[in-house]
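Engineer: Fold the stuff below for me.
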Amino acid sequence: MPCSPPIKANCRHSRSGRDLKEKNHVIKALRLSAQERLEVVTRNREDYIKGMREFCAKFTRPGGETLFSCGAGDGVCIDAYGYLQPCMLVRHPDTVYDLRGGSFNDALTRFFREVRKRKAENPAYLYRCGRCFLTGLCEQCPGRSWMEHGTLDTPVEYLCEIAHEEARYLGLLTESEKAWEVEDWKERISLFVNR
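Structural biologist: I've put the predicted structure just below:
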């Protein structure tokens, strides 16, 4: 059940202009392809692999139905209008607290605790992101879902492509696999980390 801020957030909490189809096309045209991005991050292959072994050992596992597995709400942002939000990307009206109608203490001790408890409801998110062991490699988050789709729990295909491309490079996936269908992900991570 969503929690409500003391005063409902208003139109200032748009999706960063993503409501405009023309702007969406421009943004998508500026993105690197998954392969181009991989070429950038793997320029220093030895350091990259070493860092990814440490990273994967700590952060790769299925996310389940949890929406906020990041630090959103532990630290907060305040915009020029007096709205407190869990991070710079999450401006969904149910996740924004109006400080003009409440207190900083209430926001931190009650409101954001409730926001962080929110669970995914979108069946596509639960099937894909909830079961995907690439959660640590993927930048999928409620903020990016909000900007792309206007919801907190819709998979962002571009981010999925990037994570899968990187996982194939690391040997965690074969060409045709989808990470949410992999049963032996723990073994794969262990093999990669201990290589």
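
Engineer: tell me the pLDDT at the residue most central in space within the chain?
Structural biologist: If you average the C-alpha coordinates of the chain and look for the closest C-alpha using CA atoms, centre = their mean, you land on Cys141, 1.7 Å from that point. According to the per-residue confidence, Cys141 scores 92 in pLDDT.

Engineer: now Asn10
Structural biologist: 44.

Engineer: I'd guessed the residue nearest to the centre of the chain sits against His92; true?
Structural biologist: No - in this structure, Cys141 sits apart from His92 without contact. The criterion is CB atoms under 8 Å, and the distance is 11.7 Å. Where you see a C-beta, it was placed from the backbone N, CA and C, and this is true even at glycine.

Engineer: Which parts of the protein are strands?
Structural biologist: Chain-ordered strands for the chain, with DSSP state E as the definition, fall at 77-78, 83-85, 97-98.

Engineer: So for Tyr48, which of those strands sits nearest?
Structural biologist: strand 77-78 (30.4 Å; CB to CB).

Engineer: buried residues in the helix or strand of the chain with the lowest mean pLDDT?
Structural biologist: Within the chain, no helix or strand scores below helix 21-30, which has a mean of 77 by mean pLDDT, DSSP states H and E. Using 16 or more other CB atoms under 10 Å as the burial criterion, none of the residues of helix 21-30 qualify.

Engineer: give the contact list for the closest residue to Gly136 other than its chain neighbours.
Structural biologist: Leaving aside its sequence neighbours, Gly136 sits nearest to Phe59 (CB to CB, 6 or more residues apart in numbering; 2.9 Å). Listed by CB atoms under 8 Å, 6 or more residues apart in numbering, the contact partners of Phe59 are Thr135, Gly136, Leu137.
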